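Participant: Structure, please.
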Amino acid sequence: METRLYTVNDMAKAGCNDCQGCFSCCQGMGDSIVLDPYDIWQLEKNTGASFAGLMQKEIELHVENGLILPNLKMQEKTGACAFLNEKGRCGIHDFRPGLCRLFPLGRKYENEKLYYFVLEDACKGRIHTKLKIKKQLGIEDIRNYEEFLTKWHGLRKDLQTKIAQSSDEYVKDINMKFLRIFYEAQYTLEDFFTQFEERRKNFLSVIK
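Facilitator: Purely as a prediction, here's the structure:
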């Protein structure tokens, strides 16, 4: 059966009723909670830590189709997210990463447009309520956020295609520039989307 696709203004059965003490999706996620530049900007702004500081405990790097990307780190002893507190609650809930906000929804990019779908049986909560996807995400400037996500997805996809056809030396150089420009260089507190667009144009100019 084809999965139903939603837009950000649609209603979907994705509300988890504040999880009611459940934190199953905050454990054993491996490197799947990939962080984009908006996530890093939010973490830096709200924790006061730099990317290098976050790398000390809360995040780590992994390789995905040749591209090095950061992800939330699961703790070795408990298998839980580094931001999960002793009560099983998210310590960064107000500024949690996009993939955490999205759950139990997934994203689909189609013809430069962004759609959402429900990840059936992904959430272990028994009662799911309908709510507007925009409310689920809780992003104030949702239009610019979705535009950013679409550009970011396209950039990653193009890079991974290029990496598959390139020498090891070139791949290493691309990854170093990618990490430095989009992640390591600290963002200011001003408008993220303007900063990202400047960095995107800069990155595209230096990899030609």
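Participant: residues touching Ala122, list them.
Facilitator: Cys25, Phe103, Pro104 (CB atoms under 8 Å, 6 or more residues apart in numbering). C-beta: built from backbone N, CA, C; applies to glycine.
Participant: could I get the residues you listed as TSV with pLDDT and neighbour count?
Facilitator: TSV is the format used below for those (pLDDT from 0 to 100; neighbours: other CB atoms under 10 Å):
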residue	pLDDT	neighbour count
Cys25	81	19
Phe103	89	18
Pro104	88	20
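Participant: Skipping adjacent residues, who's closest to Thr188 in space?
Facilitator: Gln195 (6.9 Å; CB to CB, 6 or more residues apart in numbering).
Participant: in what helix or strand does the one you found lie?
Facilitator: Taking DSSP states H and E as the criterion, Gln195 maps to helix 192-206.
Participant: what helices or strands is that helix leaning on?
Facilitator: Judged by 3 or more CB pairs under 8 Å, 6 or more residues apart in numbering; DSSP states H and E, helix 192-206 is in contact with helix 37-47, helix 142-164, helix 168-179.
Participant: Please point out which parts of the helix or strand harbouring Arg107 sit buried.
Facilitator: If you go by DSSP H and E, Arg107 is part of strand 105-110. For strand 105-110, burial by neighbour count (16 or more other CB atoms under 10 Å) applies to Leu105.
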